[in-house]
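K.L.:
Need a 3D model of the following:
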Amino acid sequence: MLNAKVGKVGKVLVCGMKGVGKTTVIEQLVYGNLNPDTELHPTIEDIYVASCDTGRGGARETLRIYDTAGLQGEQAAQLPRHYLQFPDAFVLVYDPIDPRSLDMLADIKSDIDKHKEKKEIPVIVLANVRARVKRDTPPTTPNPVEKIMDRANIWCQRERIKHYTVNAMERPSLYEPFTSLCARVHPAQTKSTFPQLRQVMQNRQKSEA
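P.N.:
Reported below is the predicted structural model:
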């Protein structure tokens, strides 16, 4: 997973509300050894390096994935400024049983748009359907997951960003979104015709000499 060719390293920032499963998603993608009993501690900040498929005939590229501390409360629109300036792509994660986590993504996306300086930055949204088990939350009237997912789809269509449903406990569910993202961060290189043109000009000069 970590043996990629030397070249450009795409920087991907993963963010969202506290407890939606960001670290679980990354750990499962990179190592694939998590299960429902695995204990993970709250993240302050962490960095992973992964060799990801681009979907182009087995070609793989390197992603440096930045895991961030989950936002909560009044921090909804307060991603640190340096988080908004260096990434080549963003992964926004929410929990479809908690509408607040989806609402927070709208604030984060707004901040990204303000700081991207007119450059095109890929953004994808992940609905983590097994984000967490609420053992210590007082019972409330649950919001139907389907309703929240429909709202997420409408918002993503309006923002023109991809929306994926994943299960952090099922590694294969993570392949499509990250393969697609890696392909966008590392676009296919088109072969230039200038070397051939230069050779033609050199041959012509020799024949005229």
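K.L.:
first to last residue in stretch 85-103, what's the distance?
P.N.:
End-to-end distance of stretch 85-103 (CA to CA, to the nearest Å): 22 Å.
K.L.:
list the buried ones in it?
P.N.:
Using 16 or more other CB atoms under 10 Å as the test for burial, stretch 85-103 gives 87-98, 101-102. C-beta here means a position set from N, CA and C on the backbone, and glycine is covered the same way.
K.L.:
which element is Q157 on?
P.N.:
Element membership of Q157 [criterion: DSSP states H and E] is helix 145-159.
K.L.:
Just the endpoints, please. Distance across stretch 42-60?
P.N.:
30 Å.
K.L.:
picking up where we left off before, sort out which of the buried residues of stretch 85-103 are in helices and list them.
P.N.:
S101, L102 (DSSP state H).
K.L.:
Can you lay out the buried residues of stretch 85-103 as CSV showing pLDDT?
P.N.:
Conversion of those to CSV gives the following (pLDDT from 0 to 100):
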residue, pLDDT
P87, 94
D88, 94
A89, 96
F90, 97
V91, 98
L92, 97
V93, 97
Y94, 96
D95, 94
P96, 95
I97, 92
D98, 92
S101, 93
L102, 94
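K.L.:
Tell me the one of the buried residues of stretch 85-103 nearest L174?
P.N.:
V91 (10.3 Å; CB to CB).
K.L.:
distance of the closest one from G10?
P.N.:
Distance, V91 to G10, by CB to CB, to the nearest Å: 12 Å.
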